[in-house]
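Peer 1: Build me a model:
(one chain, ligands or ions: 1)
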Amino acid sequence: MELEAIPGVGEKTARALRELEDPAATVESGDVAAIARAPGVNEARAARVARGAIRRRHDDASRVLATDRAREVYRDALGLLKDRTVTDYAEKRLETFYPSASASRIAEAQAFAAAATERDPDPAVLEALSGVEPLADPPTVRVRDRCLATADAEVYARAEARVPELSVETVEDTRDIAELARSYATVVVLDEAFAGMDVEGDVHVRPDALETPAATVPERLLAFFAANRDRLEAAAAVHEAGDLDAAANLDALRDALSRLDDDATIVGDAELERLTAAVDDLDAAVSTAESVADDHLREAIRERDVTIEGTDFLSLVEQGARVDSLLDRELADEYDTAMARARDHLVDALELAPEEADLAERVFDDDPSFPVERDESAVSRLRTELSAGRDRRAARLKADLAADLGDLRGPVEELVRDALELDVALAIARFARDFDCVMPEVRDPDGGGERPEGEGGDGEDDESEHGGPGGFRLEGGRSPLLDVDFEAIEPVDYAVDGVRLLSGVNSGGKTSTLDLVALVVVLAQMGMPVPAEAAELDRFEEVHYYAKSQGTLDAGAFEATLRDFGDLVEGADGRLVLVDELESITEPGASAKIIAGILEALDDQEATAVFVSHLAREIREAADYDVAVDGIEAVGLVDGELRVNRSPREGHLARSTPELIVEKLAEDRGGEFYGDLLEKF
Ligand SMILES: Nc1ncnc2c1ncn2[C@@H]1O[C@H](COP(=O)(O)OP(=O)(O)OP(=O)(O)O)[C@@H](O)[C@H]1O
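Peer 2: Numbers count the residues shown, from 1 in each chain. Next up, the predicted model:
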């Protein structure tokens, strides 16, 4: 796949993405964390790349969010979903859901969301999710006791790239290899040509060494698992808490992790621990053994009467002869016992194995002396033997563990990804539960689906080819973005096909209705469930939502706004237009005319539009066609408070707040003035 063909991926990003192991598959996977492993690509950029890949897959060039307010609603919708994630990953991954005009993309996202809403957001799973993060690549470990050797320049370059942990050395002949074997504990020769050579030391000819990194540098796998231990354990806990099928064998994973220390060394092997301790404690144990022998001899000498013959005494005095000979003669048995005790101490303290004990024997020789003296060269031989044993054991255990971890490497990647994706699904599930959502029906505007049925619609043309204006139908919609507790929100029913004016009392909920419609449409085209009892809508190409302007515009801003609407009415088919009190941009008379003109143009194009306005009557008069007006009705004034029916009534011009107040005064007070006033409405 040409990475540059993905919308939003330039040359630089493509170059970074090519550093990934399998760029095309990674980008297609939508795995934001995996994409973000490309150098210099942060998670926000990764989400954009994933979105671009989705667009490309669905040949989706749509830009549904056509205005600032529409984009704001999308951000709010996304925010509601993101608020329900546990991991940063899920937050970013949710950004790959965007309102689309592509039927296949919406269907794909709906399938994901529908499966997600089946999930049970179990608190134990959510708790476990808090420890899950994308797997990290630890920094390269340098291994200094092993090297790679080759005579081939190409192999050299490949080795440097593939196994950065080891030094790569150039060799020409076996002499060079023998030289290396003196500086490194292990030499791995990469060229077949050297097979069968006879070189002293730990030298292996392994032409496949670059293809089998687990065997060549087990440290790499160990470091990876050690660095990711917490994440792996958390991902395992998520699967267990949720009773989910795990991509990796969790027992095998736990067993492998229990053999691995945080610094990527081996733990839990008694033999390795014994050998490590023996090397570390060797000097101290030899000193203690000397003391044990000395104590014994000191005790023996103290309790012994020694008779020295005159000649011996003379030779002691005259020739400086050592007292050892005396010891040898007089205390031979005691000396043997002292030596035996010293050796026993060494064997016991260091827990030496029989073949090591043989070497320990030689640390204390049979030449009598007091104080007892160790044989340094024997100590050094013992140390070399123990260290070599320890290193051999560690290397074997590392290789064994790396082999086990190698089998788990792919599966744990999936295990963690599944846990993170579960967080995405659970966020959607929680959103759907928290706001009593339903999966909307998103219809193909060019036919196929049913037409929206407005209030009073007879549904007779249900089977007909879908032509004419588009629309939406909402039942029991409740916007979580309203400034009211969700439980206190009154459900709204509203069905629109074509162009409508929405009238209504002040604070009746007109703006809130536009917000609800925009939110439902944006969520629906993201493929998400929507906060309603039932919802169906045409798939809109663009959503143009204009919020109420703050006061009258000056001439320049007014002209700019008019130009916006000029572009709008000349735009593409399949638009949803939501406009809140456009009249506030200029004086009421002019506003009514302008709005009427825009409505006419939109009606001609069979767009779907809702214009909130207090000038419904004036607009209707100014328009050259019969403008449909819906109304949010006041049911009455109770204790000075308006009671409203939040669901707009179709074909009904709602009475305004002033009219209601005049009516109330006419009723309460009577008299000609209020009666005449009322008649003017
Ligand atoms: N469905 C609803 N359920 C509960 N309260 C609502 C609902 N819709 C609106 N409200 C309340 O009414 C308030 C006013 O709503 P909104 O701003 O939508 O009215 P409006 O008709 O646009 O008012 P205005 O004519 O002054 O612009 C909201 O802030 C909210 O508190």
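
Peer 1: Now name the helix or strand holding the closest residue to Phe540 other than its chain neighbours.
Peer 2: Computed as Cβ to Cβ, 6 or more residues apart in numbering, the closest residue to Phe540 that is not its neighbour in sequence is Leu576, at 4.3 Å. Any C-beta I mention is one placed from the backbone N, CA and C, and that applies to glycine too. In this structure, Leu576 is located in strand 575-580 according to DSSP states H and E.

Peer 1: number of nearby residues for the residue nearest to Phe540?
Peer 2: By the measure other Cβ atoms under 10 Å, the count of residues near Leu576 is 28.

Peer 1: Next up, the contacts around it.
Peer 2: 470, 472, 517, 521, 540, 542-544, 607-609 (Cβ atoms under 8 Å, 6 or more residues apart in numbering).

Peer 1: Where neighbours are concerned, which of these has the most?
Peer 2: That'd be Val521 among the contacts of Leu576, by other Cβ under 10 Å, with 30 neighbours.

Peer 1: mind checking the backbone torsions on that residue?
Peer 2: Main-chain torsions, Val521, degrees, to the nearest 10: phi -70, psi -40.

Peer 1: and Leu519, how far is that from Pro411?
Peer 2: Counting by Cβ to Cβ, to the nearest Å, the gap from Leu519 to Pro411 is 40 Å.

Peer 1: Those two: which has the busier surroundings?
Peer 2: Higher neighbour count among Leu519 and Pro411: Leu519, with 23 against 16, using other Cβ under 10 Å.

Peer 1: In terms of helices and strands, where is that one?
Peer 2: Per DSSP H and E: helix 510-526 holds Leu519.

Peer 1: got it, and Glu475?
Peer 2: Of the helices and strands defined by DSSP H and E, Glu475 is found in strand 471-477.

Peer 1: How many residues are close by the residue of the stretch 301-450 of the chain at minimum distance from the ligand?
Peer 2: Nearest to the ligand, among the residues of the stretch 301-450 of the chain, is Phe435, at 13.3 Å (Cβ to the nearest ligand atom). Neighbour count of Phe435, defined by other Cβ under 10 Å: 19.

Peer 1: same check, this time on Leu660
Peer 2: Neighbour count for Leu660, taken as other Cβ under 10 Å: 19.

Peer 1: Beyond the helix holding Leu519, next helix or strand please.
Peer 2: Counting by DSSP H and E, the element after helix 510-526 in chain order, helix or strand, is strand 534-538.

Peer 1: For that next one, give the mean pLDDT please.
Peer 2: The average pLDDT within strand 534-538 is 96.

Peer 1: Could you check the following helix or strand past it against the ligand for contacts?
Peer 2: Using DSSP H and E, the helix or strand that follows strand 534-538 in sequence is strand 542-546. No. Judged by Cβ under 6 Å from any ligand atom, strand 542-546 stays clear of the ligand, getting no closer than 13.7 Å.

Peer 1: Which pLDDT value does the model give the residue nearest to Val347 when sequence neighbours are not counted?
Peer 2: In this structure, Val347 finds its nearest non-sequential neighbour in Ala357, 4.8 Å apart by Cβ to Cβ, 6+ apart. Listed pLDDT for Ala357 reads 88.

Peer 1: Ala357 touches Asp348, doesn't it?
Peer 2: No. With contact defined as Cβ atoms under 8 Å, Ala357 does not reach Asp348; the gap is 10.0 Å.

Peer 1: what pairs with the helix or strand following the strand holding Glu475, and is each one parallel or antiparallel?
Peer 2: Using DSSP H and E, the helix or strand that directly follows strand 471-477 along the chain is strand 492-497. Here strand 492-497 has these sheet partners by DSSP bridges: strand 471-477 (antiparallel).

Peer 1: Show residues contacting the strand it pairs with.
Peer 2: Everything outside strand 471-477 that qualifies as a contact, by Cβ under 8 Å, 6+ apart, is 451-454, 491-498, 516-517, 520-521, 530-538, 576, 608.

Peer 1: From these, list the ones also adjacent to the ligand.
Peer 2: Okay, of these touching the ligand (Cβ under 6 Å from any ligand atom), that's Val492.

Peer 1: So among the contacts of strand 471-477, which ones count as buried?
Peer 2: Applying 16 or more other Cβ atoms under 10 Å to these, the neighbour count classes 451-454, 491-498, 516-517, 520-521, 530-532, 535-538, 576, 608 as buried.

Peer 1: Quick check: closest non-adjacent residue to the residue of the stretch 301-450 of the chain closest to the ligand.
Peer 2: Pro531 (4.0 Å).

Peer 1: for the one you found, what are its contacts?
Peer 2: 435-437, 477-480, 519-520, 523.

Peer 1: Can you pull the poorly scored residue ranges out of this structure?
Peer 2: Applying pLDDT under 70 to the chain picks out residues 1, 319-329, 447-469, 637, 640.

Peer 1: care to break it down by domain?
Peer 2: 1-57, 119-137+229-422, 144-216, 460-679 (automatic domain parsing).

Peer 1: who's in contact with the closest residue to the ligand within the stretch 101-250 of the chain?
Peer 2: The minimum distance from the stretch 101-250 of the chain to the ligand, using Cβ to the nearest ligand atom, falls at Thr117 (23.7 Å). Residues in contact with Thr117, defined by Cβ under 8 Å, 6+ apart, are 428-429, 432-433, 437, 439, 529.

Peer 1: For those residues, pick the one with the most neighbours.
Peer 2: The residue in those with the most neighbours, by other Cβ under 10 Å, is Ile428 (29 neighbours).

Peer 1: Beyond the helix or strand hosting that residue, next helix or strand please.
Peer 2: Using DSSP H and E, Ile428 sits in helix 376-434. Helices and strands here follow DSSP H and E; after helix 376-434, the next one along the chain is strand 441-443.

Peer 1: which SSE is Thr220 in?
Peer 2: Actually, residue 220 is Arg rather than Thr. Using DSSP H and E, Arg220 falls in helix 218-227.

Peer 1: and after that helix, which helix or strand comes next?
Peer 2: Helix 218-227 is succeeded, C-terminally, by helix 229-241 (DSSP H and E).

Peer 1: Give me the phi and psi for the most centrally placed residue in the chain.
Peer 2: Computing the C-alpha centroid of the chain and ranking residues by Cα atoms, centre = their mean puts Tyr89 first, at 2.7 Å. In terms of degrees, to the nearest 10, the main-chain angles of Tyr89 are phi -50, psi -50.

Peer 1: Show me the helices in the stretch 201-350 of the chain, by range?
Peer 2: Secondary structure of the stretch 201-350 of the chain (DSSP state H, counting those that start in this stretch): helices located at 213-216, 218-227, 229-241, 250-258, 270-302, 310-319, 323-330, 332-349.
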